[in-house]
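Peer 1: okay, structure incoming, though there's no sequence with it:
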């Protein structure tokens with residue numbers, strides 16, 4: 001039996017919302033072993049994600065939120081693998097902007113536990129960047145998969161539709177900064193960070209309205 005591990009794939013594409021479009025690089029996280037895995041945020045390139053999976057069984061395509069750059073490859077990846085797409089229902093309005101004719105297969109809810117390769121990932125509902133945003137906490141891996149809730153250097157963006165800065169700050173304070181300090185935050189874009197690295201800066205972000 002092989003140990004569960006975390007793999008990162010970076011894919012490139014575009015983020016579009018509120019009439020604007022931006023070029024972005026996204027982190028796609030694969031959690032599993034040599035036999036099975038889950039994909040967190042199927043961004044931009046289903047072919048590249050399928051190649052990274054190899055012959056492993058894909059148990060689920062988990063969406064941290066439904067901005068198009070995190071879900072645009074999800075239906076194709078699900079069709080290729082037969083894996084269900086899971087999304088918090090509060091993000092369905094965003095999902096439908098990208099995939100109006102293809103609903104997710106299942107819902108994510110706070111406290112729900114997803115198991116893969118002997119590891120449990122607990123769903124933490126962390127609204128703010130998006131109403132249905134979630135993080136996935138895997139204590140056995142000392143990891144939390146944060147989507148766009150928290151980055152190295154600050155919280156996710158809240159300047160567009162369906163987002164709210166005070167709600168995001170509450171989510172970060174109450175759900176993420178309460179995790180052990182050595183927990184690695186695997187972000188939706190850019191470099192990883194840790195809870196301990198970000199926790200001292202919470203008040204700065206609040207004061208700046210970051």
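Peer 2: In hand now; what should we look at? Here the structure is a predicted model, which means the values were calculated and not measured. Numbers count the residues shown, from 1 in each chain.

Peer 1: which residues are in contact with the worst-scoring helix or strand of the chain on mean pLDDT?
Peer 2: In the chain, no helix or strand scores lower on mean pLDDT, DSSP states H and E than helix 202-208, which sits at a mean of 91. The contact list for helix 202-208 (C-beta atoms under 8 Å, 6 or more residues apart in numbering) reads 154, 155, 169, 172, 173, 177, 210. Just so you know, the C-beta spots here come from the backbone N, C-alpha and C atoms, and that holds for glycine as well.

Peer 1: tell me the buried residues in it?
Peer 2: Neighbour-count burial for helix 202-208 flags 202, 205 (criterion: 16 or more other C-beta atoms under 10 Å).

Peer 1: quick one: that helix to chain centroid distance?
Peer 2: Averaging C-alpha positions (C-alpha atoms, centre = their mean, to the nearest Å) puts helix 202-208 23 Å from its chain's average.

Peer 1: and stretch 19-38, by the same measure?
Peer 2: Averaging C-alpha positions (C-alpha atoms, centre = their mean) puts stretch 19-38 8 Å from its chain's average.

Peer 1: what about the helices in the chain?
Peer 2: Remark: helices assigned in the chain by DSSP state H are 46-53, 68-71, 74-81, 92-98, 165-171, 195-198, 202-208.

Peer 1: take those and lay them out in JSON lines including distance to residue 143.
Peer 2: Below are the helices of the chain laid out as JSON lines (distance: least, C-beta to C-beta, whole Å):
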{"stretch": "helix 46-53", "distance to residue 143": "18"}
{"stretch": "helix 68-71", "distance to residue 143": "18"}
{"stretch": "helix 74-81", "distance to residue 143": "21"}
{"stretch": "helix 92-98", "distance to residue 143": "25"}
{"stretch": "helix 165-171", "distance to residue 143": "18"}
{"stretch": "helix 195-198", "distance to residue 143": "11"}
{"stretch": "helix 202-208", "distance to residue 143": "21"}
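
Peer 1: what's the most buried one of those?
Peer 2: Highest mean neighbour count among these (mean count of other C-beta atoms under 10 Å): helix 68-71, with a mean of 26.

Peer 1: report the distance from that helix to the chain centre.
Peer 2: 10 Å.

Peer 1: counting by contacts, list what that helix packs against.
Peer 2: strand 5-17, strand 20-32, helix 92-98 (3 or more C-beta pairs under 8 Å, 6 or more residues apart in numbering; DSSP states H and E).

Peer 1: contacts for it next, please.
Peer 2: Helix 68-71 is contacted from outside by 13-17, 24, 26, 41-44, 63-64, 85, 87, 94-95, 97-99, 147-148, 188, using C-beta under 8 Å, 6+ apart.

Peer 1: so who does the closest residue to residue 148 other than its chain neighbours touch?
Peer 2: The spatially closest residue to residue 148, leaving aside those adjacent along the chain, is residue 156, at 3.9 Å (C-beta to C-beta, 6 or more residues apart in numbering). By C-beta under 8 Å, 6+ apart, the contact set of residue 156 is 128, 129, 133, 147, 148, 149, 150, 163, 168, 188.

Peer 1: ok, now which ones touch the last one?
Peer 2: Taking C-beta under 8 Å, 6+ apart, we find residue 188 in contact with 26, 27, 41, 64, 70, 146, 147, 148, 151, 156.
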